[in-house]
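K.L.:
please work out how this folds:
(chains A and B)
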Amino acid sequence: DAGITQSPRHKVTETGTPVTLRCHQTENHRYMYWYRQDPGHGLRLIHYSYGVKDTDKGEVSDGYSVSRSKTEDFLLTLESATSSQTSVYFCAITSAHNEQFFGPGTRLTVL
Amino acid sequence: SQQGEEDPQALSIQEGENATMNCSYKTSINNLQWYRQNSGRGLVHLILIRSNEREKHSGRLRVTLDTSKKSSSLLITASRAADTASYFCATVLDRGSTLGRLYFGRGTQLTVWP
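P.N.:
Numbers count the residues shown, from 1 in each chain, chains lettered A, B, ... in the order given. You can find the predicted model right below:
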């Protein structure tokens, strides 16, 4: 599992509330990613990070922000959750051999 | 549109048979990676093949890459019921892309019957 954990693993929230998902890695990987997985769309990149305080947008970044103040933690924030953000969220890292490993996922439901 | 597309979308076989899944992509790649995902679970990395490689093996898995046809195949030999899962290919583009980001297809759903 490349030492990747995600929290929470499940969350139910209401429209308009802020939500923060956490990705934690223990192996000092430089590159970290947030994807979402939806039926019929596969996995799509939300944001990524190439170092502490270095982040950039992916293809579906609207409504999301990220922060990386420490190498081991990559946070994804939904400032004001909407029903369209109901999804499964995966964090990933790229290893030294360019393999990308994924965390266990967070299932988010926005009511 | 998706960079990678798997074919077939669904595959149903008996235990002991071989399963072959194909992946096509549109632009030059640095590498291609295959993943397995059991229902409701996370993605498990199976194998990475680089653009200058043609074939790789890992246990019962065999992956081929044909860059001239922009396609890859995943062969699972002597399949087992436990191989039942969705299989995804994902590509890292050769240039001009977000650092290391993967472009995923929609996956092949493999069902192996006992």
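K.L.:
all contacts plus neighbour counts: C-alpha atoms, from now on.
P.N.:
OK.
K.L.:
apart from its neighbours in sequence, what residue is nearest residue B:91?
P.N.:
residue B:32 (4.4 Å; Cα to Cα, 6 or more residues apart in numbering or on different chains).
K.L.:
for residue A:94, same thing?
P.N.:
The shortest distance from residue A:94 to any non-neighbouring residue, by Cα to Cα, 6+ apart, is to residue A:100 (4.4 Å).
K.L.:
what's the burial count for that neighbour?
P.N.:
For residue A:100, the tally of surrounding residues (other Cα atoms under 10 Å in any protein chain shown) stands at 23.
K.L.:
repeat for residue A:6
P.N.:
Neighbours around residue A:6, by other Cα under 10 Å: 23.
K.L.:
correct me if wrong: it contacts residue A:107.
P.N.:
No - Residue A:6 is beyond contact range of residue A:107, at 10.4 Å (criterion: Cα atoms under 8 Å).
K.L.:
list the contacts of the residue nearest to residue A:94.
P.N.:
The neighbours of residue A:100, taking Cα atoms under 8 Å, 6 or more residues apart in numbering or on different chains as the test, are A:92-94, B:45.
K.L.:
can you redo those residues as TSV with distance to residue B:92, secondary structure and pLDDT?
P.N.:
TSV is the format used below for the contacts of residue A:100 (distance: Cα to Cα, whole Å; DSSP: H, G, I helix; E, B strand; the rest coil; pLDDT from 0 to 100):
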residue	distance to residue B:92	secondary structure	pLDDT
A:92	14	strand	96
A:93	14	strand	95
A:94	11	strand	92
B:45	14	strand	96
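K.L.:
mind giving me the PyMOL command for buried ones among the residues you listed?
P.N.:
Filtering those down to the buried ones (16 or more other Cα atoms under 10 Å in any protein chain shown) takes a single PyMOL command:
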select buried, (chain A and resi 92+93+94) or (chain B and resi 45)
